[in-house]
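In: requesting a structural model of the entry that follows:
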Amino acid sequence: MRILGIDHGDVRIGLALSDETGTVAKPWQIIRHTSRAADAATIARLAAEDDVAIIVVGLPTDDDGQIGHQGRKVQRWAEALTGATSIPIEFWDESLSSIEAGDLRSKRKSKHSQPIDAEAAAILLQSYLDAHRTS
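Out: Purely as a prediction, here's the structure:
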């Protein structure tokens with residue numbers, strides 16, 4: 001069962017995909033934001049092509065765990081995604097995923113100028129997978 005993780009941003013949308021066992025998340029790709037409907041259609045198509053069973057959308061929260069302006073934008077965008085696919089969509093706290101992705105890149109001493117959106121999506125998806133692991 002593959003699971004898709006999404007780190008939604010104003011400019012780019014990072015995607016991560018789990019392995020078939022739903023155990024390990026890996027950065028997958030980055031989509032440039034164009035519009036809610038177009039982004040949702042693209043992601044719905046990609047998810048269907050890879051037999052995704054669940055879509056996990058990162059939901060940013062503030063320091064108090066409350067959903068702020070950015071979180072509400074993500075929720076509105078996810079409504080468009082819900083209209084574009086029948087795959088179940090779940091939200092997962094992603095407040096620190098971009099920071100963790102940047103820290104990870106720094107630890108690797110990577111000088112890549114590539115955006116970290118897919119890595120952030122993989123971090124939030126791995127957090128989701130770990131929390132839902134049944135062993």
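In: show me where pLDDT drops low in the protein?
Out: Along the chain, the parts satisfying pLDDT under 70 run over 96-114, 135.
In: which SS class is the residue nearest the centre of it?
Out: For the chain, the residue whose C-alpha lies nearest the mean C-alpha position (CA atoms, centre = their mean) is Ile6; its distance is 1.6 Å. Three-state assignment for Ile6 (DSSP: H, G, I helix; E, B strand; the rest coil): strand.
In: give me the nearest residue to it, chain neighbours excluded.
Out: Distance criterion CB to CB, 6 or more residues apart in numbering; nearest residue to Ile6, sequence neighbours excluded, is Val57 at 4.8 Å. Just so you know, the C-beta spots here come from the backbone N, C-alpha and C atoms, and that holds for glycine as well.
In: list the beta-bridge partners for the one you found.
Out: Beta-bridge partners recorded for Val57 (DSSP bridges): Ile6, Phe91.
In: ok, it touching Pro88?
Out: No - Val57 is not in contact with Pro88 according to CB atoms under 8 Å; the separation is 11.0 Å.
In: and the two? Which one has more around it.
Out: Val57 (24 against 11; other CB atoms under 10 Å).
In: distance of that one from Asp39?
Out: With distances taken as CB to CB, to the nearest Å, Val57 is found 12 Å from Asp39.
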